[in-house]
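1. Take a look and give me a structure for this.
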Amino acid sequence: MPIRVLIADDDALIREGLKIILQSDDRFEVAECVDNGRKAVEYCSTNQVDVALLDVRMPVMDGLEAAREISAKTGSRTLILTTFDDDDFILNAVRYGARGYLLKSSPPSRIMDAIRIVHDGGTVMQDVALDIIKGELSSGRRKGIPDGLLTEREMEIAELVAKGFSNRDIAARLFMS
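-> This next block holds a predicted model:
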């Protein structure tokens with residue numbers, strides 16, 4: 001059964017481009033395309049969506065607030081896809097329950113892999129996002145990241161995921177079964 005994806009972006013060209021890319025692969029079904037976070041929350045609240053792909057800056061409700069509501073109120077997982085690599089956006093995305101943070105400069109294959117990984121319960125972070133999270137976790141600032149968000153082992157795994165390693169490769173590298 002294909003992964004049902006909601007695309008939320010206020011840029012029509014991005015929405016349509018992502019829709020074309022995802023529809024070219026039988027593993028995905030575009031459930032809906034919307035232009036703001038409120039519509040994303042409403043759609044995910046009343047329809048079955050596996051992964052909500054959200055831009056950060058959108059009118060009515062931004063993608064971070066939408067991620068928080070979708071994560072709290074529905075069974076849908078959220079993945080942020082944006083042009084912004086701002087520290088606060090990245091940290092809030094993690095705090096609000098997003099399972100991934102990618103930049104729009106990512107190749108289509110990386111975006112499709114990220115959707116699949118998030119759907120399967122994994123987490124995907126752009127290298128820059130992972131560096132920011134690691135920096136916050138190891139500093140005294142923390143900017144609202146809850147204590148114990150990630151263990152040292154989870155950080156090792158997150159680094160390898162961000163570098164694109166498969167689950168099998170990660171297990172082999174970290175001697176896990």
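2. what ranges of the protein fall below the confidence cut-off?
-> Applying pLDDT under 70 to the chain flags residues 84, 86-87, 126-152, 154-155, 158-159, 161-164, 176-177.
3. ranges for the strands of it?
-> Counting by DSSP state E, the chain has strands at residues 3-8, 28-34, 51-54, 77-82, 100-103, 124-125.
4. I'd like the ones you listed as a markdown table, with distance to E156 appended.
-> In short, each C-beta sits where N, CA and C put it, glycine included. Conversion of the strands of the chain to a markdown table gives the following (distance: least, Cβ to Cβ, whole Å):
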| stretch | distance to E156 |
| --- | --- |
| strand 3-8 | 27 |
| strand 28-34 | 30 |
| strand 51-54 | 25 |
| strand 77-82 | 22 |
| strand 100-103 | 18 |
| strand 124-125 | 13 |
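5. Which of these has the highest mean neighbour count?
-> When you average the neighbours per residue for each of these (mean count of other Cβ atoms under 10 Å), strand 51-54 leads with a mean of 28.
6. And the helices in this structure?
-> For the chain, the helices defined by DSSP state H cover 12-23, 37-46, 63-73, 87-95, 108-119, 127-138, 152-162, 167-173.
7. of all these, which lies closest to E29?
-> Closest approach to E29 among the helices of the chain (Cβ to Cβ): helix 12-23, 7.9 Å.
8. Pull the distance from the closest one to the chain's centre.
-> With Cα atoms, centre = their mean, to the nearest Å as the basis, helix 12-23 stands 17 Å off its chain's centre.
9. Give me the buried positions along that helix.
-> Of all the residues in helix 12-23, those buried under the rule 16 or more other Cβ atoms under 10 Å are I14, R15, L18, K19, L22.
10. Quick check: of those, which lies closest to A98?
-> The closest of the buried residues of helix 12-23, once distances to A98 are taken by Cβ to Cβ, is L18, at 16.8 Å.
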